Structure formats: structure tokens, C-alpha cells
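[1] just the structure for this:
(chains A and B)
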Amino acid sequence: MLILGISAFFHDAAAALIKDGEIIAAAQEERFTRIKNDAAFPLNAIQSCLDMGWVSPDELDAVVFYDKPLLKLERILESYHARVPWGWRSFLTSMPVWMKQKMMLKKVIRDEMAQLPGCDKKKLRLLFCEHHLSHAASAFYASPYTEAAILTIDGVGEWATTSISAGKGREIRMLKEIRFPHSLGLLYSSFTYYCGFEVNAGEYKLMGLAPYGDTGSEEFLRFKRLISEKLITVYEDGSFVLHQEYFNYISGLRMVHEKKWEALFGFPRRTPESSIERCHCNLALAIQKVTEEIVLKLAATARNITGLDNLCLAGGVALNCVANGKILDTELFRNLYIQPAAGDAGGAVGAALAAYHLYFEQERQAEPWDLMKNAYLGPSFGIERVRKTLRLNKSVWKEYDDTEELLSLVARSLKEKKIVGWFQGRMEFGPRALGSRSILADASDPDMQRKLNLSIKYREGFRPFAPVCRIEHAGRYFGLKIPSPYMLLTRRLCSEFWKALPEEYAALGMREKLAVVRSSFPSVTHVDLSCRVQTVTKESNYKLWRLLCVFESLTGEGLLINTSFNVRDEPIVCRPEDAYHCFIHTEMDMLVMDNLVLFKEDQPK
Amino acid sequence: MEFLRDLWLFLKERKKWWLLPLIIVIVLVTVLVVLGGSTALAPFIYSLF
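    Predicted coordinates for the structure are as follows:
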């Protein structure tokens, strides 16, 4: 049975193909169109998934959309109705979009699919899966558990913004939900907006900014108290109510009432790209701490009402790896599985799996491993395509038949502080580069964070990088007892790698903190000594695993920076030509595509 | 039309008949906007979609 899942028309459109319950392929549209978080109908991603599965559109048993547009319309209309006459501008702006696209979704999907060769649009069976069920299914069905509590938290789907379910076998039973307008995702996005980052895209920047705040400062304590007193009431079971007089997202064109927030916190909204001050850091830290407290309470409730000791997490808030790390610390659950594409892109996978198990009533046998195949679900391009790209660009390269010789060269280059573009095999699905479309560098170089941020990624200097190590070293470096294959857990670096911090470190400003060499691996250690860890196994990515072995034999340490192969505001590279273009237009030193190696200094000017 | 049938079934299932006048208004507004030649720009706020 072949099922195609689609998420689109909100942000980060994606497609996923499953065959008899196995995820064959999944990809995000942005990677093909090169438009970051592209929300357009994912025609390129669908074509790519069908190609990877050797499937023609006519062979599909169903096409499943990841939410229910009419239910969403109901919520939107009721929200406007509740606010009449306020919100008329927002209403007039948004409704034509609804009429043209979302209310006619069946027609839109059929017409778009008809562009695919061999597709008869009349024969397509279209299904629609509720948004939070798509998230829950993406985590539970992909997990290795027969039974699990499922917690989904995001901005909003149809009505639900948070849900707790119990998954058993092929069944998912929804037990509790929190409904719009009370939303943890929207609360976090409101702070993202107020701190000058882009809503729906800059939330991870806010999370990265939080550790620059000072938990001992009066300002942080005041911000946290104000959030808890004025913006949100949190109950013991983790449910919450947002005080709507401070928010404007229900019927306005902004997330918050800026004047009220300014009066509350004592400073205006930061304009994008302006300098980041201490108050922004403390506010980011305050909302991060509040978020963590709520997530932990919700996780405890999920444990209590399901009685299950496995937890599956999905929804955009599940990408908050700091909060995820806190759940792990509580030891509430024996096992934790986080869907690597926890945001809306992963909804495509969830919708397809939900249709397979719930609509078509197909049995489920949990495997000892997760179904996401280490997120390597995107297209691969083969060595001939790489050669062709390089020939077209008149590049100078060397091909290595002996992989060990290649790895030895790459490891030596990394040791010499070279920055390496690493393009291998199938592209990752989800927001993280996990060793297929990565930039690798030496984590022990104190200058590497600045160099990568400013010369390669062209992004804010405060943002940390993530380390990758072999699973065998997860305990030694991070005290991790479970794998973290998807870079979704934050851990403190083990204390033996810390360097002595100056007195008054906590009170230092952002730039001063950043300049302090905090550990033996300063480029991947955030200012609070935390790291967003990726572990690799021999089975998951042999080439990267071997590279870490060879690097360790040269340097004594098997830890590298692994950051996504892209520049700021661009999607991660997909095709060889994208990788080559990124390599040439940044200050990257070396590019490894399959077994072909290019050095920047050898390339024609 | 498939859409009208789905809408009818939806309203029947959810018993939200009071939404019908609102939906008619939306249709009219959309026709006006389209006839007026304005572009249907999507607002950037999260909750609408």
C-alpha cells in the first residue's frame, strides 16, 4: 500500500511517501525551490519522493493532507466573531487567501498533482488528517515503542495547540488537549517577535540567545515573574491560559500589543538586525525557563494519565532541545523519542502513517529501531551527477577510490583548522543537517565559532554550533546514556573538559561571555556549557563515524562541529550544484562530495 | 461542486449553522477583492493558518 503525505500552505511544505507502513522517502519543498521555509504546494518534493520510491502517481492508494482546512476555518471564523468589530483588517487581508486556496483545497491538490507525469487527478483518493494527530502519528508510529505517551506542542493546528495521547499498537487515543488561543508555541513566538526575530523561523535563535541571560540577575527574575503574573497562568497539570489582553494574534496583524509589552517589560520591541542588549538576553532566558517549566509539567501529566513509561514528542516546541534535555533529566520516562522533523514538515510523514494505521486499519509492529532511517530520507544524486556538475563549472577536483585515504585527508585538513563541506548520500529530512549536507570543522579551535558564523554562515555571531561524536563517546563527553541521533537533546559538556571561568562570568555582557574560552571544545560549548549533541553509530552513518575515528587518532579527541550546509536565510543544500555554489561563494576551504575532493585554492577564479 | 458538498457536510456534522452567513460574507468579500484587483497577500501572523 502506497500513501503520500503532504504538508503545505502554512510554512515548510513537505512530502513523504510510505509503502506498507515503511517510510520510503521524505523531503521539504524549500530544498528544491531554494526558498527558505517555502510553503507552496510541494510539487518538487512529491516528484522527488515518487522518484525515490520508483512509484507513479497512479499507483498511490491515498494522498493525505496534514490538517483539516474546514475545521481550521471554523476556528478562524469563531475567533474573528468573538472579536467583532476588531480584526476587520486582518479578516479582509486573510479571507481572500482562504477563498482562493484553502477552502478549495481538494481542487488545488488535484490540480497541482495533475502536473505530475502519469497522474489522473480524478482517480486520486484525498484524505485529511487532523493537525495534532499528524504530529502525534509522526512521533509514535515512527518510534520503536509498542506503547507510549505522546505529547504534541506547537503554535496551533485546527483548534488544538497542545495534546496528550496514548499510543498502543496501531491506535492513538487523544486524552487531553489545550485549545486556541492558549498556545505555548504562540507564546514563544510572541517573544521571538518582541526580541526582533522572525516569527516561525527565529524561535531557535531565541533559544540560542537565552543562555546569555543571567539567572541571578534582578532583571531576569523580574521578567520571569511578570510573564507568570501578567501573560500566562499555569496550572499544576501543565495546562495554561494566556491573558489575551497582551496578545494580538487572534484577530490582529501582529503577535502582541507592543505598547502593553513595552509598559510591562520597560523596553520597546527590538527592531530586527539592531544590536542585542542584556535585556533581550534576560527576556529570552525568562521565556525559555517558563517554557521548560510548562513542558515538564505537561510531560508529568502525560506520564500520570497514560501510566506509560515511553514518551514520544512532536510539534514545533519539541524542537526546543533545551526543554527536551530537561525532560530527560527528570527521568519521568524510561525512553524518549523525538520526531526529528517535529515541525510541520514532519506532519507529512505523520499524516501518511495515520492514514495507513487508522484509516486503512493496517496493523503495526514496532521495530527495535525508529522508522525515520536517521532522517536520511531525501534524494541522493550519485557520483556521475557530481562529476557532471564539477565539469560544468570547470572545477578542479581529485577522486579517491580508497575511502580510508579520503578520510585520512579530510581528518588531516580538519586538524589543520580547515572548514569542510560534507555532501554525502541521501539528504536529511527535517531542520537539522546530520552528516549528509553538513559543514564540518574542528571543535577545539577557539576561533572557529566566530569564523564559521561570520565567514561561512554569515549569521549572528552569538549562535553556537552543535557537536557530533561517535555513540561510543556520548557518555565520556556529555554523560549521555541514550543516543541523540537527531541533535534534539541539549547536554552539559562533562566537567573534565571545562576551563576555569573568570569571576563575575554570569554578569558579563554577551560579547564578553562569547570571548571566554569555556572548554576544550569552545566552538560547540554554549556560554552555559551546554551542547546540542548529535551521536552517530557505525550503522547510521559509517563514513562520518569512520571520519570521527580517524580524526580522533590524529588529535586525541573525536568531536567535530557539525553545522548545516547553507548560508544564512538559505535552505540547506540539496543538489551537487547547490553545494558547489555554496562552497565557492563562502570561505569554505574544502568540499567533499561523495569521494571527490575540491580545495578552494585550486579552483579557477 | 465538491467544495459546497464538503461544506454542507461539515456544517451538518459540527452543527455550526451560524457560520453559514459568515461564509457567505467571505465569498462576497473575496469576489469584491478579486474584482477590485487587489492582491491576496497572506498576513504573516501565525494563528490564521
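[2] mean confidence for stretch A:249-261?
    What stretch A:249-261 shows for mean pLDDT is 90.
[3] how about that stretch: buried residues?
    For stretch A:249-261, burial by neighbour count (16 or more other CB atoms under 10 Å in any protein chain shown) applies to A:Tyr249, A:Ile250, A:Ser251, A:Gly252, A:Arg254, A:Met255, A:Val256, A:His257, A:Trp261. For glycine as for every other residue, the C-beta is placed from the backbone atoms N, C-alpha and C.
[4] am I right that the fifth one is in contact with A:Asn248?
    Yes: in terms of CB atoms under 8 Å, A:Arg254 counts as a neighbour of A:Asn248; the distance is 4.9 Å.
[5] that older thread, check the buried residues of stretch A:249-261 against chain B, which are close?
    A:Tyr249, A:Ile250, A:Gly252, A:Arg254, A:Met255 (CB under 8 Å from any CB of the partner chain).
[6] now do the helices in the stretch 1-150 of chain A.
    A:30-33, A:43-52, A:69-83, A:88-97, A:105-113, A:131-140 (DSSP state H, counting those that start in this stretch).
[7] so which of those is nearest chain B?
    Nearest to chain B among those is helix A:88-97 (3.7 Å), distances taken as CB to the nearest CB.
[8] which other helices and strands does that closest one contact?
    Counting contacts by 3 or more CB pairs under 8 Å, 6 or more residues apart in numbering or on different chains; DSSP states H and E, helix A:88-97 is packed against helix A:69-83, helix B:19-36.
[9] now check the shortest one, is it near chain B?
    Yep, that's helix A:69-83 we're talking about. Yes: applying CB under 8 Å from any CB, one finds helix A:69-83 touching chain B at A:Leu70, A:Leu71, A:Lys72, A:Leu73, A:Glu74, A:Ile76, A:Leu77, A:Glu78, A:Ser79, A:Tyr80, A:His81.
[10] quick check on those: which are buried?
    Here, 16+ other CB under 10 Å leaves A:Leu70, A:Leu71, A:Lys72, A:Leu73, A:Glu74, A:Ile76, A:Leu77, A:Glu78, A:Ser79, A:Tyr80 buried among these.
[11] which of the residues you listed sits closest to A:Asn320?
    A:Lys72 (24.1 Å; CB to CB).
[12] what's the burial count for B:Val31?
    12 (other CB atoms under 10 Å in any protein chain shown).
[13] actually A:Pro85, not the one I wrote
    8.
[14] and the one 5 residues further on, by the same measure?
    By the measure other CB under 10 Å, the count of residues near A:Ser90 is 24.
[15] repeat that for the one 5 residues further on.
    The criterion is other CB under 10 Å. On that basis, A:Met95 has 25 neighbouring residues.
[16] just the pLDDT for the nearest residue to it once chain neighbours are set aside.
    Closest residue to A:Met95 in three dimensions, ignoring its sequence neighbours and counting by CB to CB, 6 or more residues apart in numbering or on different chains: B:Ile26, at 4.8 Å. Looking at B:Ile26, its pLDDT reads 75.
[17] show the contacting residues for B:Ile26.
    A:Leu77, A:Met95, A:Trp98, A:Met99 (CB atoms under 8 Å, 6 or more residues apart in numbering or on different chains).
[18] can you redo the residues you listed as JSON lines, where the extra columns are pLDDT?
    Formatted as JSON lines, the contacts of B:Ile26 follow (pLDDT from 0 to 100):
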{"residue": "A:Leu77", "pLDDT": "86"}
{"residue": "A:Met95", "pLDDT": "77"}
{"residue": "A:Trp98", "pLDDT": "77"}
{"residue": "A:Met99", "pLDDT": "75"}
